[in-house]
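1. Structure for this input, please:
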Amino acid sequence: MFNAPRPGQRYVATSTNGFGGSLVDENPLANSVYDDGLDPWSSAPSPVPTPAQNPPNTFSAVIADATVPAIYHRAFATVDTSGLGETSVNSLSRVLTTSGLPAGTIDRIVNLVSSRPRVSKLEFFVALALVALAQGGKDVSIEQVADLSSQNALPEPTLDLDRLQASNSTFTIPPPYRQNSVDPWGAAARFNPPQNPSSVLGSGAGGLPAINGAPSVLSGTGLPPEWWKRQESVRIIILGQQGFILNRYTVYEITTESGVTVTRRYSEFVYLWEALTRRYPFRLFPALPPKRIGADEHFLEQRRRGLQRALNFVLNHPVLKEDGVLGVFLTAPSFETWRKTTAVSLDEESLSKRVDRVEEMSIPSDFEEKLTVIRTRLNPLIEQWQRICILAERIMKRHEAAAVRSPPAFKRAYLPTHFALPNFSPISSTSSLPGSSSSTTSAPLSHSFLGLHFPIVEEQGDLSRLTNTLRAVIEVNEHCWRGDECDLSNGVRQGLDHFATHAQRHSDLAETRTRARLDVTLESLKAQRDLYIATRDLFIRHERLSVDQVERLKKRVETNSVKLDGVRAAAKDGWQEDADKLAAIIEKDQGTIVAQLSRRVFIRVCLWNELRIILHNRENTLLTQTVKSFAREEQAYAENVLTNWVSLEEAVENMPYE
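-> Predicted structure coming up:
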């Protein structure tokens, strides 16, 4: 079952089929400070890092079960447009600025709730409660918030959210793999909500739904020109938990590009994947991330990302995208109701599709040799792409958080892992970065990604705090201590104000760039890793499910034919009846042989199409697109940063010395 953890077997282990296990049992990311929280294909629990100062769970006791005013949720939704359940210190500061409180008070509140570059929803709520206390002239302290929470009387702050200062960043997060709105497969029309859910599947004989919505032949399954510019995408967010204590489940909201929004739970993803696996066992598509008992928020977020990557892959597969169950999954208001009222055939697609002569002749004569080459490359590719994902995520997370001053205990527990990777394979020559021949190449990697160098001291988290502190200094020095008008004091104060403004802009740029890297670039790299894991799973399914009984049936036909000749030659009493029975058995076996031989051809053609069209195109084209997109985005970021600091230089040109 898909909702059960995969068998624990390392992908670097040897096996009879040369692939090792289908999926990994160890989480290499557990050895990284900034891990994915997942290998979603591992049954091991999420690694628990050493808590930093003021972890989010600290504030669960502060807020407890108190009723949170609506203004809290509205303010958080304003800055958490992606539904991540957290936001940056920069965004929190911009919300608090709308309260009209002095900059010094805002700076104190921000530092009270978190020392990290990002804040959770609970931390955000505590900050708003502190704002309300400050506006009411009361003591600004966490203890005061906890006391009010225990009385279910969280105060409401006065915020001008309608005038919330928008981010100054001009750096945008593009949707994955999408360049324009051209839709060569007509998916926008396909995903309009159906009047009758069964009509999405079509009707087969006897009024039952057809096996699927795909054509009856394999021809025409190629990718159109410039397909990478026209890929569809879906967006998945976590709506929250539903159900009672023992039956709680996570609800996901799925939004397609046509604007249709549906809610689904994980078990409904499982049903869809079971249907696709039964119908298309020899097609290439990724496995679902697993279910885990007692999953934490970190695991749920990584599973959401894994579900989104898997669904986007299926949605852009030239054959799977036409499946009727997939269409209903993305459109039906209640998928559970549809499942109970609709009969769905799970027959393999080879029963309804035929292979024409052209397709059969397209299989190269060295087909088996090509399969052997791909098999040989899969494990090294998976290993290296796993390492790429680990290194990229570490660098991105460090870029976001390195500036936060960590307690000594935190440094001792975490810093060594920034410079060492686990052994991915017993034979890997690059498994240990420091102190090995590869350490010289890995050291630059710790400060760069795709050739771009990141500073060890990152400004994003602390720049926002620096901005608040500078504005507090400006407030304190609003009037010269000499008591008269002082051009020197006024000029310096104005210069500091310009610096604070430009530091805020740079913080906006850094924040948006970091989210783009995590949401687009890193997801693209993980999709590349998922592609090779999916290819290995395809070979494993092929070896297990392509077995037939042709040779055994041929021997039985030969045996029964000899018996039939003997019965006819003996011509004993009642021989005609025995002869008819043997003839019927032979005819049935011959029909089965013909069907299974046809299935053999279908499987070969299907496998060749998947490798030639899907694997070959995706592993090359989308990687090219990722690198080019990353280069463009980093160039835009660098230009915006340069423009920002040039503007600051011009603004402080007349800042006085005396």
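2. Check which helices and strands the host helix or strand of residue 107 is in contact with.
-> Residue 107 belongs to helix 103-113 when assigned by DSSP states H and E. Judged by 3 or more C-beta pairs under 8 Å, 6 or more residues apart in numbering; DSSP states H and E, helix 103-113 is in contact with helix 89-97, helix 121-135, helix 460-476. All C-beta atoms are positioned from the backbone trio N, CA, C, and that covers glycine.
3. now the longest one, how far from the centre of its chain.
-> When C-alpha coordinates are averaged (C-alpha atoms, centre = their mean, to the nearest Å), helix 460-476 and its chain have centres 35 Å apart.
4. Quick one: mean pLDDT for that helix?
-> The average pLDDT within helix 460-476 is 77.
5. can you check stretch 363-370 too?
-> Here stretch 363-370 scores 91 as its mean pLDDT.
6. do stretch 236-252 as well
-> Per-residue scores along stretch 236-252 average to 82.
7. Name the residues of the host helix or strand of residue 368 that are buried.
-> According to DSSP H and E, residue 368 maps onto helix 367-401. Judged by neighbour count using 16 or more other C-beta atoms under 10 Å, the buried positions of helix 367-401 are 371, 374, 378-379, 381-383, 385-401.
8. I'd like to know which elements it is packed against.
-> Partner elements for helix 367-401 (3+ C-beta pairs under 8 Å, 6+ apart): helix 439-445, strand 448-449, helix 460-476, helix 487-516, helix 522-545, helix 575-609.
9. tell me the angle of that helix relative to helix 522-545?
-> Compare the direction of helix 367-401 with that of helix 522-545 by axes from the mean of the first three to the mean of the last three C-alpha atoms, to 10 degrees and you get 150 degrees.
10. going forward, begin numbering at 815 instead of 1
-> Okay, residue one is now 815; in that scheme the one you just asked about reads as helix 1181-1215.
11. pLDDT below threshold where in the stretch 1115-1264 of the chain?
-> Applying pLDDT under 70 to the stretch 1115-1264 of the chain picks out residues 1214-1264.
12. Recalculate using a threshold of 90.
-> 1115, 1156-1160, 1163-1177, 1179, 1201, 1205-1264 (pLDDT under 90).
13. I'd like the helices and strands packed on helix 1181-1215 as CSV, with mean neighbour count and distance to residue 1133 appended.
-> Formatted as CSV, the helices and strands packed on helix 1181-1215 follow (neighbours: other C-beta atoms under 10 Å; distance: least, C-beta to C-beta, whole Å):
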stretch, mean neighbour count, distance to residue 1133
helix 1253-1259, 13, 39
strand 1262-1263, 16, 35
helix 1274-1290, 20, 44
helix 1301-1330, 20, 32
helix 1336-1359, 20, 13
helix 1389-1423, 16, 8
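14. who wins for proximity to residue 1061 among those?
-> helix 1336-1359 (30.4 Å; C-beta to C-beta).
15. Check whether residue 941 really touches residue 906, as I assumed.
-> Yes: taking contacts as C-beta atoms under 8 Å, residue 941 lies within contact range of residue 906: 6.0 Å.
16. can you list residues touching both of those two?
-> Counting by C-beta atoms under 8 Å, 6 or more residues apart in numbering, the contacts common to residue 941 and residue 906 are 924, 927, 933.
17. quick one: the first one and residue 907 touch, right?
-> Yes: under the criterion of C-beta under 8 Å, residue 924 is in contact with residue 907, at a separation of 5.9 Å.
18. what do the two both touch?
-> The contact sets of residue 924 and residue 907 overlap at 1278, 1279, 1282 (C-beta under 8 Å, 6+ apart).
19. wait, what's in contact with the last one?
-> Right, residue 1282. Contacts for residue 1282 (C-beta under 8 Å, 6+ apart) come out as 907, 917, 920, 921, 924.
20. ok, and the most crowded of those residues?
-> Highest neighbour count within the contacts of residue 1282, by other C-beta atoms under 10 Å: residue 920, with 26 neighbours.
21. which non-adjacent residue is nearest that one?
-> Excluding the flanking residues, the one nearest residue 920 by C-beta to C-beta, 6 or more residues apart in numbering is residue 910, at 4.7 Å.
22. Could you give the number of residues near that neighbour?
-> Residues contacting residue 910 under the criterion other C-beta under 10 Å number 26.
23. Then the one 4 residues further on?
-> The burial metric for residue 914, expressed as a neighbour count using other C-beta under 10 Å, is 12.
24. secondary structure class for it?
-> coil (DSSP: H, G, I helix; E, B strand; the rest coil).
25. which residues touch it?
-> Counting by C-beta under 8 Å, 6+ apart, residue 914 makes contact with 949, 972, 974.
26. filter these to the buried ones?
-> The buried subset of these (16+ other C-beta under 10 Å) comprises residue 949.
27. Which of the contacts of residue 914 sits closest to residue 892?
-> Within these, proximity to residue 892 (C-beta to C-beta) peaks at residue 974, which comes in at 11.3 Å.
28. Now the closest one. Nearest residue, chain neighbours left out?
-> residue 912 (4.5 Å).
29. burial of the one you found, as a residue count?
-> When neighbours are defined as other C-beta under 10 Å, residue 912 has 19 of them.
30. Quick check: it touching residue 977?
-> Yes: Residue 912 lies in contact with residue 977 (C-beta under 8 Å); the separation is 6.5 Å.
31. hang on, the earlier thing: any chance of the contacts of residue 1282 in a markdown table, plus pLDDT?
-> Output for these, formatted as a markdown table (pLDDT from 0 to 100):
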| residue | pLDDT |
| --- | --- |
| 907 | 85 |
| 917 | 83 |
| 920 | 86 |
| 921 | 84 |
| 924 | 86 |
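32. circling back to that earlier point, can I get the helices and strands packed on helix 1181-1215 in a markdown table with distance to residue 1158?
-> Output for those, formatted as a markdown table (distance: least, C-beta to C-beta, whole Å):
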| stretch | distance to residue 1158 |
| --- | --- |
| helix 1253-1259 | 48 |
| strand 1262-1263 | 45 |
| helix 1274-1290 | 49 |
| helix 1301-1330 | 39 |
| helix 1336-1359 | 20 |
| helix 1389-1423 | 21 |
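33. Nearest to residue 1074 among those would be which one?
-> helix 1336-1359 (22.3 Å).
34. Output the contacting helices and strands for the closest one.
-> Here helix 1336-1359 touches helix 1111-1129, helix 1181-1215, helix 1389-1423, helix 1437-1465, going by 3+ C-beta pairs under 8 Å, 6+ apart.
35. any idea how far the helix or strand that the shortest one is followed by is from the chain center?
-> Heading C-terminal from helix 1111-1129, the first helix or strand you meet, by DSSP H and E, is helix 1138-1143. Averaged C-alpha coordinates place helix 1138-1143 at 21 Å from its chain's average position (C-alpha atoms, centre = their mean).
36. Give me the contacts around the very next helix or strand once past helix 1138-1143.
-> Using DSSP H and E, the helix or strand that follows helix 1138-1143 in sequence is helix 1149-1155. For helix 1149-1155, contacts defined as C-beta under 8 Å, 6+ apart pick out 1011, 1076, 1078, 1082, 1085, 1142, 1143, 1146.
37. Switch these over to TSV; also include neighbour count and distance to residue 1367.
-> Below are the contacts of helix 1149-1155 laid out as TSV (neighbours: other C-beta atoms under 10 Å; distance: C-beta to C-beta, whole Å):
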residue	neighbour count	distance to residue 1367
1011	22	40
1076	20	46
1078	23	43
1082	19	40
1085	19	34
1142	23	38
1143	24	38
1146	21	42
